[in-house]
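J.: how would this look folded up:
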Amino acid sequence: MKRIYLDNAATTPVSPSVVQAMSNTLTHVFGNPSSIHAEGRKARSVIEDARKTVAGYIGASIGEVFFTSCGTESNNMVLKGAVRDLGVERIISSPIEHHCVLHSLDAIGKEAPVERLNLGIGLNGRIDLGELEDLLKNSTKKTLVSLMHSNNEIGTMIDLEAVGALCATYGALFHTDTVQTIGYFPINVEAAGVHFLSGSAHKFYGPKGVGFVYINNNNQLKPFIDGGSQERNMRGGTENIAGIVGLATAMDEAYSDLTSRREKVEMLRSYFKEKLESHFEEVQFNGEDGGISHYKVLSVSFPPSPKNDLLLLNLDIAGISASGGSACSSGVDIGSHVLTAMGVDPERATIRFSFSHHNTTAEIDFTMEQLVKILSPVEV
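T.: Purely as a prediction, here's the structure:
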């Protein structure tokens, strides 16, 4: 049985061209980038070419892009470094950030006297820019605003430019987790007024185990991992050359094919949503309010039913991969902090379907057939 993969917000399959680029790198670029001989210089050149690619797509200079192991490391580096190195005394965030941000803020609070403020979240998971402005203008403390570009569970997005403009007006630093949006939306850090940005290759058809962080030249941080002088003294440890090449290749491919991919995914998402609305009278969509939202994510809320507890499992048995919420704690159903913060009825079953340009309408049709079969009333 061929499986249907609808969990692309958790991770994506690696593009064949990325596999080929990484294979070529593993075969032919084996030198240590810190070595000064020919093999080392070749490895260093490959990394710098990749850095140039990433910097070009986000509107940064090459000296502002540093490769990491993942988005989680990048977020940790920025949040903890901003307090340690830049004198940040106050952090404004939200209760629906990814756990790597929330748990980093918890850890910071145990080590430093940093004021932590959470913006209120509406029923759609959207922040109130008016509230953010009030918080920014009513304090003289050095402040960092940390808000993800798109929520990983419900797809709701912030207006990067609007948040960046507020931060600029009131002299705050702005960090955004763009793990879900790099490769899907054009992003320019200068135009958006972003000081720090995080990304991860495996969300846009690259390999796992490699990410990057953008750190504005005017806000330098000290190394997060001490050791050697790699990554311009910012991250000790021999670079993951093949992974870095895979990241840059995937990013280049994603942005080169951005329009056609987006059109395909938007069509599939709309097609699925219309079918859900026609088959299930009480279906709801978390985060849907007509505002900006990620086109690959559809968070579907089904009404209370005795079948809800096994809905995700039954979809898996039918050959359909989806998610019950955030994928980064897979295998442990502890409930969604995002849906809780939004006030979603805990008796309703939420499934996150997230789409790829590789998906087809036939796969959507089969998924609908299975949902109808699984959730149909029990005959007595």
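J.: wait, isn't Leu132 in contact with Ser93?
T.: No - contact criterion Cβ atoms under 8 Å: Leu132 and Ser93 do not qualify, at 10.5 Å. All C-beta spots, glycine's among them, are computed from the backbone N, C-alpha and C.
J.: select the helix or strand of this protein having the lowest average pLDDT value.
T.: Lowest on mean pLDDT, DSSP states H and E among the helices and strands of the chain sits helix 230-233, with a mean of 88.
J.: run the chain-centre distance for it.
T.: 25 Å (Cα atoms, centre = their mean, to the nearest Å).
J.: what comes up buried for it?
T.: Gln230, Glu231 (16 or more other Cβ atoms under 10 Å).
J.: what helices and strands are in contact with it?
T.: strand 65-68 (3 or more Cβ pairs under 8 Å, 6 or more residues apart in numbering; DSSP states H and E).
J.: picking that back up, which residues are common contacts for Leu132 and Ser93?
T.: Common contact partners of Leu132 and Ser93 (Cβ atoms under 8 Å, 6 or more residues apart in numbering): Leu119, Val145.
J.: and Gly199, helix, strand or coil?
T.: strand (DSSP: H, G, I helix; E, B strand; the rest coil).
J.: who touches it in this structure?
T.: Gly199 touches Val54, Gly71, Ser74, Thr178, Val179, Ile182, Gly211, Phe212, Val213, Tyr214, counting by Cβ under 8 Å, 6+ apart.
J.: can we see that at 6 Å?
T.: Thr178, Ile182, Gly211, Phe212 (Cβ atoms under 6 Å, 6 or more residues apart in numbering).
J.: same question, Val283
T.: Counting by Cβ under 6 Å, 6+ apart, Val283 has contacts Leu276.
J.: now do 7 Å
T.: Contacts for Val283 (Cβ atoms under 7 Å, 6 or more residues apart in numbering) come out as Leu276, Glu277, Val300, Ser301, Phe302.
J.: and which of those residues is nearest to His28?
T.: Val300 (46.0 Å; Cβ to Cβ).
J.: look up the closest residue to the closest one, ignoring the ones flanking it.
T.: Ile351 (5.1 Å; Cβ to Cβ, 6 or more residues apart in numbering).
J.: secondary structure element holding the one you found?
T.: strand 349-354 (DSSP states H and E).
J.: which SS state does the nearest residue to Asp128 once chain neighbours are set aside fall under?
T.: Computed as Cβ to Cβ, 6+ apart, the closest residue to Asp128 that is not its neighbour in sequence is Gly120, at 6.2 Å. Secondary structure, three-state DSSP: Gly120 is coil.
J.: my guess is Gly120 meets Leu132, correct?
T.: No - here Gly120 lies out of contact with Leu132, judged by Cβ atoms under 7 Å, at a distance of 10.0 Å.
J.: shared neighbours, the two?
T.: Counting by Cβ under 7 Å, 6+ apart, nothing touches both Gly120 and Leu132.
J.: which one's more surrounded, those two?
T.: The residue with more neighbours, out of Gly120 and Leu132, is Leu132; 24 against 12, by other Cβ atoms under 10 Å.
J.: residue contacts, that one?
T.: Ile92, Leu119, Val163, Leu166.
J.: which one of those residues is nearest Gly291?
T.: Nearest to Gly291 among the contacts of Leu132, with distances taken as Cβ to Cβ, is Val163, at 13.9 Å.
J.: assign the closest one to helix, strand or coil.
T.: Val163 - assigned by three-state DSSP - is helix.
J.: the domain parsing of this protein - what is it?
T.: 4-12+258-375, 16-256 (automatic domain parsing).
J.: deepest of those, which one?
T.: Across these, averaging neighbours per residue (mean count of other Cβ atoms under 10 Å) puts domain 16-256 on top, at a mean of 19.
J.: roughly how far out does that one sit from the chain middle?
T.: 10 Å.
J.: just the terminal-to-terminal distance for that domain.
T.: Using Cα to Cα, to the nearest Å, the end-to-end distance of domain 16-256 comes to 15 Å.
J.: against which helices or strands is the helix or strand hosting Lys373 packed?
T.: When elements are assigned from DSSP H and E, Lys373 belongs to helix 361-375. Judged by 3 or more Cβ pairs under 7 Å, 6 or more residues apart in numbering; DSSP states H and E, helix 361-375 is in contact with strand 4-5, helix 258-279, helix 311-317.
J.: who are the packing partners of the following helix or strand past the shortest one?
T.: If I follow you right, that is strand 4-5. Downstream of strand 4-5, the next assigned helix or strand under DSSP H and E is helix 16-28. With contacts taken as 3+ Cβ pairs under 7 Å, 6+ apart, helix 16-28 sits against helix 241-256.
J.: tell me which of the helices and strands packed on helix 361-375 lies nearest to Gly31.
T.: helix 258-279 (33.5 Å).
J.: need the contact partners of that closest one.
T.: 283, 285, 295-296, 298, 300, 353, 355-357, 359, 361, 364, 368, 372.
J.: then it to CSV, C-alphas only?
T.: In CSV, the C-alpha atoms belonging to helix 258-279 read as follows (Å, rounded to 0.1, in the frame of the first residue of the first chain):
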residue,chain,number,x,y,z
LEU,A,258,8.2,29.1,-5.6
THR,A,259,5.2,30.2,-7.7
SER,A,260,4.3,26.9,-9.2
ARG,A,261,4.8,25.1,-5.9
ARG,A,262,2.6,27.6,-4.1
GLU,A,263,-0.2,27.4,-6.7
LYS,A,264,-0.2,23.6,-6.4
VAL,A,265,-0.3,23.5,-2.6
GLU,A,266,-3.0,26.3,-2.4
MET,A,267,-5.2,24.3,-4.8
LEU,A,268,-4.9,21.1,-2.8
ARG,A,269,-5.6,22.9,0.5
SER,A,270,-8.7,24.6,-0.9
TYR,A,271,-9.9,21.4,-2.5
PHE,A,272,-9.5,19.5,0.8
LYS,A,273,-11.2,22.3,2.8
GLU,A,274,-14.2,22.4,0.5
LYS,A,275,-14.6,18.6,0.7
LEU,A,276,-14.4,18.7,4.5
GLU,A,277,-17.1,21.4,4.7
SER,A,278,-19.4,19.5,2.4
HIS,A,279,-19.1,16.2,4.3
